[in-house]
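Q: predicted coordinates and the sequence they were generated for:
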Amino acid sequence: MVYAFLAVALMYLDQRGGWLDSVRYGLQAAAYPLELALNSPTVAWRWTRELFTERAALQAENEQLRERIKVLQIQALRRQSLESENATLRQLSRPPVDVVERWLPAQIISSESNRQRQRLTIDRGAINGLYEKQTVVASQGLLGQTLRVGPWSSEIILITDPEHAVPVEILRTGVRTLAVGTGRSDTLDLPFLPLQTDIEKDDLLVTSGSGGVFPAGYPVAVVSEVRRDGGSALARVSATVLADFTQQRVVSLLWFRADHPAAPNDSRARSGGDPSARTIEVQKLTPGSSP
């Protein structure tokens, strides 16, 4: 009974005053070496397996990557051409500027994936300028946002976490709704769509820009199932996320241009996180490059 009373008292004080934040910060700093130690066997095994990968498989993969790079270069050239043409037509002095100003790669050092929690831990923290609710992406699309930032590591809540919801837009129709995490690492639910909503399988979902956390236009998921039951006023829609963290070892954290209309309105994003932080290894975006 004494322990139960103390637990309730601590939860109440933390909820009202947030005085346990400094304790969490210190514990996260102390736990970081343990996380690295626990993760080292997995890293060593992965490195050994990759070291002995068959040469033929590596050559085939490199060839595919070269072809993909060629396609992307062609697309980038076409995009620059279109931006230049639009700038001329609109009598602008320069092409439109992308909302992303810079980005920072981070290594995944541990993960927690179950029906109650979908979280990752990365090897970047306040010393690198990270801040809470910072956008995190993978190569395929939106991955999540930072939940807790420690001095050298940070915890990411994935968009598939049951406690997370992403404001999305159906790219084909422009309809906006919320995509809610299911606790499964590859699935989102769209529980608030009326029965008559124009949505179909394979529709692409992108961030809508609402909520002040994620900018508009980032790919999130693809609709995998649409069920309409006449006994319910809402459609049952599921979607498959594009960013699969089980196949990712590196993610990217984004900073946005404060003067861009699509940038999140979070003041911490504008200030760059911890004012005393040293933002190291942050790569500036150049025309034609992307995280």
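A: Here it is on my side, so go on.

Q: tell me the mean pLDDT over the longest strand along the chain?
A: Determined from DSSP state E, the single longest strand within the chain is strand 100-113. Strand 100-113 shows a mean pLDDT of 87.

Q: what does stretch 137-152 give?
A: 90.

Q: can you show me the helices along the stretch 1-150 of the chain?
A: 2-17, 21-51, 55-89 (DSSP state H, counting those that start in this stretch).

Q: what packs against the first one?
A: Helices and strands touching helix 2-17, by 3 or more Cβ pairs under 8 Å, 6 or more residues apart in numbering; DSSP states H and E: there are none. Heads up, the C-betas are built off the backbone N, CA and C, glycines and all.

Q: show me the domain layout of the chain.
A: 2-51, 99-286 (automatic domain parsing).

Q: distance from the shortest one to the middle of the chain?
A: Read that as domain 2-51. Centroid separation between domain 2-51 and its chain, computed with Cα atoms, centre = their mean, to the nearest Å, is 21 Å.

Q: pLDDT on that domain, on average?
A: Domain 2-51 shows a mean pLDDT of 79.

Q: next, the angle helix 21-51 makes with the longest strand of the chain.
A: Angle, strand 100-113 to helix 21-51, by axes from the mean of the first three to the mean of the last three Cα atoms, to 10 degrees: 90 degrees.

Q: walk me through which strands strand 100-113 pairs with, and which way each runs.
A: Strand pairing for strand 100-113, using DSSP bridges, gives strand 118-122 (antiparallel), strand 250-256 (antiparallel), strand 283-284 (antiparallel).

Q: deepest of those, which one?
A: strand 118-122 (a mean of 23; mean count of other Cβ atoms under 10 Å).

Q: which residues does that strand contact?
A: With contact meaning Cβ atoms under 8 Å, 6 or more residues apart in numbering, strand 118-122 is reached by 35, 106-113, 144, 147, 153-158, 160-162, 164, 181, 183, 185, 245, 251.

Q: next: stretch 243-252.
A: For stretch 243-252, using Cβ under 8 Å, 6+ apart, the contacting residues are 103-108, 111, 113, 120, 122, 136-143, 156, 158-159, 185-186, 291.

Q: filter those down to the buried ones.
A: For these, a burial check counting by 16 or more other Cβ atoms under 10 Å picks out 103-104, 106, 108, 111, 113, 120, 122, 136-138, 141-143, 156, 158-159, 185-186, 291.

Q: quick check: buried residues in the helix or strand containing residue 188?
A: Residue 188 is located in strand 187-190, with elements delineated by DSSP states H and E. Neighbour counts over strand 187-190 (16+ other Cβ under 10 Å) mark 187, 188, 189, 190 as buried.

Q: pretty sure the third one contacts residue 183?
A: No - counting by Cβ atoms under 8 Å, residue 183 is not a contact partner of residue 189; they are 10.1 Å apart.

Q: residues shared between the contacts of the two?
A: Contact with both residue 189 and residue 183 is made by no residue, according to Cβ under 8 Å, 6+ apart.

Q: quick one: residue 108 and residue 129, what's the gap?
A: Per Cβ to Cβ, to the nearest Å, residue 108 is found 19 Å from residue 129.

Q: dump the strands paired with strand 100-113 into CSV; add mean pLDDT as well.
A: CSV is the format used below for the strands paired with strand 100-113 (pLDDT from 0 to 100):
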stretch, mean pLDDT
strand 118-122, 93
strand 250-256, 88
strand 283-284, 44
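
Q: so which of the ones you listed gets nearest residue 209?
A: strand 250-256 (11.3 Å; Cβ to Cβ).

Q: CA atoms of the closest one as CSV?
A: The C-alpha coordinates for strand 250-256 follow below in CSV (Å, rounded to 0.1, in the frame of the first residue of the first chain):
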residue,chain,number,x,y,z
VAL,A,250,19.6,4.9,-40.5
VAL,A,251,16.9,7.5,-40.2
SER,A,252,16.9,11.3,-40.9
LEU,A,253,15.9,14.1,-38.6
LEU,A,254,14.7,17.2,-40.4
TRP,A,255,14.9,21.0,-39.7
PHE,A,256,12.6,23.3,-41.7
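
Q: that strand: how far from the chain's middle?
A: For strand 250-256, the separation from the chain centroid amounts to 8 Å (computed by Cα atoms, centre = their mean).

Q: do stretch 210-220 as well
A: 10 Å.

Q: any idea of the mean pLDDT in that stretch?
A: Per-residue scores along stretch 210-220 average to 87.

Q: what's the end-to-end length of it?
A: By Cα to Cα, to the nearest Å, the extent of stretch 210-220 from end to end equals 14 Å.

Q: alright, that wraps it up for me.
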